[in-house]
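# structure for the following, please:
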Amino acid sequence: MGHRGRKGDPLYGIRRVLQSGAENLTPNQTRRLERVITADPRHEEVFLAYQCAQELRAAYQHHDLKAGRVIALKVLDSFHSCPVPEIARLGRTLRRWRQACLAYFTTDRANNGGTESINGLIELARRVARGFRNRDNYRLRMLLIAGGLDGHLPT
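A predicted model of the protein is given here:
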């Protein structure tokens, strides 16, 4: 909407609702969402973005990988032509990453989340350490942080 949320801004008041999955909304939250979206025609773009996010979530959360892939293909083929600039930009990005996006459905939901998590922990430890002088101590510290030590330290 081109502005930061303020206390009296209706969209700011439902920001948590907009961040939630539609399946997790209570009836009261659903009514609040409908009330705010219909209050101002400019809010329809926000609601469209919310619906697009729900559709993308549905693709990755679908229990059947084939059905999820069908939804993902629909998203990849439609988002780039959306009149809302932010959604169109997301659609163009998803199309550039098409192969990686669809790989999720052909690799039985495999992803690199665990690797990224361990790498983040190691990077944090490296920054905090401010430089180890002993390579063996550095290696042991990284293994300890990443959970690679199972109680058996080399002697």
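# tell me the buried residues in stretch 118-125?
By neighbour count on 16 or more other CB atoms under 10 Å, the buried set for stretch 118-125 is residue 125. No exception for glycine: its C-beta is placed from N, CA and C like everyone else's.
# residues contacting residue 122?
By CB atoms under 8 Å, 6 or more residues apart in numbering, the contact set of residue 122 is 142, 145, 146.
# ChimeraX command to pick out the buried ones of the residues you listed?
One line in ChimeraX is enough to select the buried ones among the contacts of residue 122; burial here means 16+ other CB under 10 Å:
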select :142,145
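# can I get the contacts of residue 122 in TSV including pLDDT and distance to residue 96?
Formatted as TSV, these follow (pLDDT from 0 to 100; distance: CB to CB, whole Å):
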residue	pLDDT	distance to residue 96
142	80	33
145	79	34
146	75	32
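# would you point out which residue is most central in this protein?
residue 57 (8.8 Å; CA atoms, centre = their mean).
# helix or strand for that residue, just tell me which one.
For residue 57, the host element (DSSP states H and E) is helix 43-61.
# mind showing which ranges of the protein have poor pLDDT?
Scanning the chain for pLDDT under 70 picks out the ranges 1-5, 148-155.
# all strands for it, in order.
For the chain, applying DSSP state E gives no strands.
# per the record, what domains does it have?
Per automatic domain parsing, the domain ranges recorded for the chain read 10-106, 113-146.
# so which of those domains is the most surrounded?
Greatest average neighbour count among the domains of the chain goes to domain 10-106 (a mean of 14), per mean count of other CB atoms under 10 Å.
# what's the offset of it from the middle of its chain?
For domain 10-106, the separation from the chain centroid amounts to 11 Å (computed by CA atoms, centre = their mean, to the nearest Å).
# circling back to that earlier point, which non-adjacent residue is nearest the residue nearest to the centre of the chain?
Of all residues not flanking residue 57 in the chain, residue 21 sits nearest, at 6.1 Å (CB to CB, 6 or more residues apart in numbering).
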